[in-house]
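In: coordinates only, sequence not included:
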């Protein structure tokens, strides 16, 4: 079995805001649940999730059908993300670092690429969306679109550049404000619909099947769930990593799915900012939107920086924050974000199998932790083949595509690694 000759970086990050992109998070940098949970909740409170809920909501009877789907979908999502959060907290490693073992030293660069590109693409879409809504709702002249995109692009990467501590503080400010504003808006909507009886009386469109609805609900943030290890690795214990992650994805993501679905039922519009404009809360709707986007945009470009630092094996994470933001700026100003969004949603089908392979590798072989000093094969073919086959299964088979991909990846990896573990010549 040929081993890579690439050096393993084991020193601590030279600057505090680099946040240990190539090494385990040390014990003295770990965070308690009241620090980690708000940051993760801010990450999951994302406007795109509202749109996902809006797509699902009109197709089902409010109770028990719609509520049951929201609970089940977010329970699956929360358990998946929480499982990765537990592993990250136990090892102090991010997904891209763990993938060195499950995909190989060189093979892990594919994980860097797919996770990093997905995040920088969403960052570009978010910056363009901010500019578009300010033009439509705040009366900003369309000719200033380019300036709004530039401001949004670099403004929201400030906290990502500064690192975990800054992202923690912006989340502590933004999360309570977002929750209060959302509850305020939902209470108005409840009054406008006239209560539970009128809500139940609404006839669902019925154009979406249960499997498709669960796929939409889970897919709203499963790519984020695969990369949640960037933050849950800071947890003070594995249990803290699990519960902080699970609660953020199950409750916060579920809250936004519910909000989008509820608003779509009541007002026929899944966009919460436009709904607030109808409710006479335009100013507060814009505040909500900007806070919502900030706490997700900084996490998004942070995730790109971690993947980029790992791909190039450098501890200079902050360089990739600026580089990724600049690349996202080019994408936004190029006007391709409208075409990019469907592509990134499709890409979400190919991300969950990464988590399936990583989790299977950990529970089969790494329960005692990862040894970054031990050099890995350039390619772990069990992980690579499992990923390819699971992605095909997720793409072509009916049912809940993210779950199909995760389960298939884990099972195929277990089978292949059992066959190949004694055939070292098949790992290169």
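Out: Received, thanks. This is a predicted model, so every value here is computed, not measured.
In: What does residue 23 show for phi and psi?
Out: phi -140, psi 160 (degrees, to the nearest 10).
In: For residue 224, give me the pLDDT.
Out: With respect to pLDDT, residue 224 scores 87.
In: Count residues in the vicinity of residue 316, would you?
Out: Using other CB atoms under 10 Å, residue 316 has 16 neighbouring residues. Yep, even glycine has a C-beta here, placed from its N, CA and C like the rest.
In: Please apply the same query to the one 4 residues further on.
Out: Around residue 320 there are 27 other residues, counting by other CB under 10 Å.
In: That one: which element?
Out: Using DSSP states H and E, residue 320 maps to helix 317-333.
In: list the buried ones in that helix?
Out: For helix 317-333, burial by neighbour count (16 or more other CB atoms under 10 Å) applies to 317-321, 324-325, 327-329, 331-333.
In: next one: stretch 58-71
Out: Across stretch 58-71, burial judged by 16+ other CB under 10 Å covers 58-62, 66, 69-71.
In: follow-up on the earlier one: against which helices or strands is the helix holding residue 320 packed?
Out: Packed against helix 317-333 by the contact rule (3 or more CB pairs under 8 Å, 6 or more residues apart in numbering; DSSP states H and E) you find helix 108-138, helix 145-155, helix 158-162, helix 282-311.
In: Deepest in the core, which of the ones you listed is it.
Out: Most buried of those by mean neighbour count (mean count of other CB atoms under 10 Å) is helix 282-311; its value is a mean of 24.
In: Could you give the average pLDDT over it?
Out: Per-residue scores along helix 282-311 average to 86.
In: Where does pLDDT dip in the stretch 151-300 of the chain?
Out: Low-confidence segments of the stretch 151-300 of the chain (pLDDT under 70): 270-273.
In: sorry, back to before: will you turn the helices and strands packed on helix 317-333 into JSON lines that also has distance to residue 349?
Out: Below are the helices and strands packed on helix 317-333 laid out as JSON lines (distance: least, CB to CB, whole Å):
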{"stretch": "helix 108-138", "distance to residue 349": "11"}
{"stretch": "helix 145-155", "distance to residue 349": "27"}
{"stretch": "helix 158-162", "distance to residue 349": "26"}
{"stretch": "helix 282-311", "distance to residue 349": "18"}
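In: Tabulate the buried residues of helix 317-333 (JSON lines), appending pLDDT.
Out: Shown next, in JSON lines, are the buried residues of helix 317-333 (pLDDT from 0 to 100):
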{"residue": "317", "pLDDT": "91"}
{"residue": "318", "pLDDT": "91"}
{"residue": "319", "pLDDT": "92"}
{"residue": "320", "pLDDT": "94"}
{"residue": "321", "pLDDT": "95"}
{"residue": "324", "pLDDT": "95"}
{"residue": "325", "pLDDT": "96"}
{"residue": "327", "pLDDT": "95"}
{"residue": "328", "pLDDT": "94"}
{"residue": "329", "pLDDT": "95"}
{"residue": "331", "pLDDT": "89"}
{"residue": "332", "pLDDT": "90"}
{"residue": "333", "pLDDT": "90"}
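In: now, among the residues you listed, which is nearest to residue 170?
Out: residue 321 (14.7 Å; CB to CB).
In: In a helix, residue 22, correct?
Out: No - Residue 22 is assigned coil when assessed by DSSP: H, G, I helix; E, B strand; the rest coil, not a helix.
In: check contacts around it.
Out: Applying CB atoms under 8 Å, 6 or more residues apart in numbering to residue 22 gives the contacts 9, 97, 309-310, 313-315.
In: and residue 49, which of the three is it?
Out: With three-state DSSP as the basis, residue 49 sits in helix.
In: I figured residue 45 hits residue 295, correct?
Out: Yes - Residue 45 is in contact with residue 295 according to CB atoms under 8 Å; the separation is 6.4 Å.
In: Give the intersection of the neighbour lists for the two.
Out: Common neighbours of residue 45 and residue 295 (CB under 8 Å, 6+ apart) are 174-175, 178.
In: Check what pLDDT the nearest residue to residue 403 once chain neighbours are set aside gets.
Out: Closest residue in space to residue 403, ignoring its immediate chain neighbours: residue 76 at 6.4 Å, by CB to CB, 6 or more residues apart in numbering. Reported pLDDT at residue 76 in the predicted model: 94.
In: in what helix or strand does residue 76 lie?
Out: Here residue 76 sits within helix 67-91, counting by DSSP H and E.
In: Quick check: next helix or strand after that helix?
Out: helix 95-103.
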